[in-house]
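Novice: need a 3D model of the following:
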Amino acid sequence: MFFLQQQFKRLAHSIHQRQQIVALPQAAKALDQWFAAPTGQRILAQEQMAIDKALSCLFGYHLLQMSILPNTKLYQSSRICHCTRVGFNTTAPADLACELESLPLADESVDVTLLHHALEYSANPHQLLNEVSRVTIAHGHVVIVGFDPLSLTGALKPFAQLANTSAFWARHSLASNRLNDWLKLLGFETQETFLGCSQTPLFKRVPNAKLAQGLRAKTQLPFGHFYCIVARKMVTGMRLHKPARDTRFLKGVKLAPQPITARGAARLSLIRNVNKGPKN
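Specialist: Residues are numbered from 1 along each chain as shown. Next up, the predicted model:
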């Protein structure tokens with residue numbers, strides 16, 4: 001009995017360890033290997049098409065890319081001239097090496113922020129999204145790409161975590177509706193959501209993209225391997241209120257008349273001429 005208890009504890013500890021989010025510097029090699037495989041290449045190509053479509057309508061001066069693939073430039077189609085890649089590893093050839101949850105950037109200094117699976121593999125996705133909101137300017141945009149839990153890849157994730165020790169499966173399951181709620185709390189408004197599909201090895205003879213599109217049309221559920229969310233940071237307008245004059249302290253005080261501008265003088269002379277009427 002004691003032996004079975006020890007074995008059960010070891011199994012539970014192993015399952016718990018495999019479900020823990022691995023730090024990105026340690027998981028970088030496993031992520032690169034998965035995206036270098038044929039399945040990863042197909043999904044990355046579809047993601048690039050969705051990113052190109054999203055960035056084609058966004059403008060500004062500065063673009064910030066935060067991706068689990070810091071070596072890949074996903075912003076090639078963007079019209080923004082100054083693009084910066086954030087690398088979580090000092091050995092990666094990125095423009096800025098730092099922790100994704102703590103950006104050394106000034107407030108409201110980025111026009112467009114691209115998050116490529118960064119939230120799913122972050123130890124603290126809430127803090128990461130707060131940092132993105134902090135550095136994004138008013139009316140700036142955020143493009144988020146993530147794996148859809150309501151897909152074949154998302155359905156295989158719990159079983160793959162038990163049978164596989166790869167860091168690729170150790171990630172958060174963040175649905176698009178959940179991210180929309182997070183963005184709304186931070187003052188963002190979701191403008192578009194692209195749902196991407198790619199052919200998987202399990203169904204080589206079946207067009208998975210058409211099948212997923214048909215399922216979405218019939219069930220209204222976000223079936224697809226990944227999603228691409230485009231959100232805009234909204235800022236409420238402010239109205240300046242002039243202080244009301246206290247008439248108790250103005251009794252007997254003559255206020256100086258307001259100066260008349262040239263346009264006001266012309267309008268005043270026109271009104272006077274109309275009031276006089278035509279000369280007989």
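
Novice: for the rest of this, base every contact and every neighbour count on C-alpha atoms.
Specialist: Will do.

Novice: now L96: phi and psi?
Specialist: Backbone torsions for L96, taken as degrees, to the nearest 10, come to phi -140, psi 120.

Novice: next: R178.
Specialist: phi -70, psi -40.

Novice: quick check: it vs L185, distance?
Specialist: Remark: distance between R178 and L185 (Cα to Cα, to the nearest Å) = 11 Å.

Novice: before we move on, what about D111?
Specialist: Distance, D111 to L185, using Cα to Cα: 20 Å.

Novice: neighbour count winner among the two?
Specialist: Using other Cα atoms under 10 Å, the more surrounded residue of D111 and L185 is D111, with 22 against 10.

Novice: hang on, the more buried one packs against H141?
Specialist: Yes. D111 is within contact range of H141, at 6.5 Å (criterion: Cα atoms under 8 Å).

Novice: quick one: the strands in the protein?
Specialist: For the chain, the strands defined by DSSP state E occupy 62-67, 82-87, 96-97, 110-116, 136-147, 188-196, 226-233.

Novice: and the third one, what other elements does it pack with?
Specialist: Which is strand 96-97. strand 82-87 (3 or more Cα pairs under 8 Å, 6 or more residues apart in numbering; DSSP states H and E).

Novice: which stretches of the stretch 151-280 of the chain aren't confidently modelled?
Specialist: In the predicted model of the stretch 151-280 of the chain, residues 152-154, 158, 160-165, 197-224, 236-280 satisfy pLDDT under 70.

Novice: pLDDT below threshold where in the stretch 1-150 of the chain?
Specialist: The model of the stretch 1-150 of the chain has pLDDT under 70 over residues 1-20, 89-93.

Novice: distance check, the nearest residue to F59 once chain neighbours are set aside against C98.
Specialist: Residue nearest to F59 in three dimensions, not counting chain neighbours: I80, with 6.1 Å by Cα to Cα, 6 or more residues apart in numbering. Look at I80 and C98: by Cα to Cα, they are 23 Å apart.

Novice: between the two, who's got more neighbours?
Specialist: Under the criterion of other Cα under 10 Å, the comparison of I80 against C98 puts I80 first, with 18 against 14.

Novice: residues in contact with L74?
Specialist: Contacts for L74 (Cα atoms under 8 Å, 6 or more residues apart in numbering) come out as Q48, I51, Q65.
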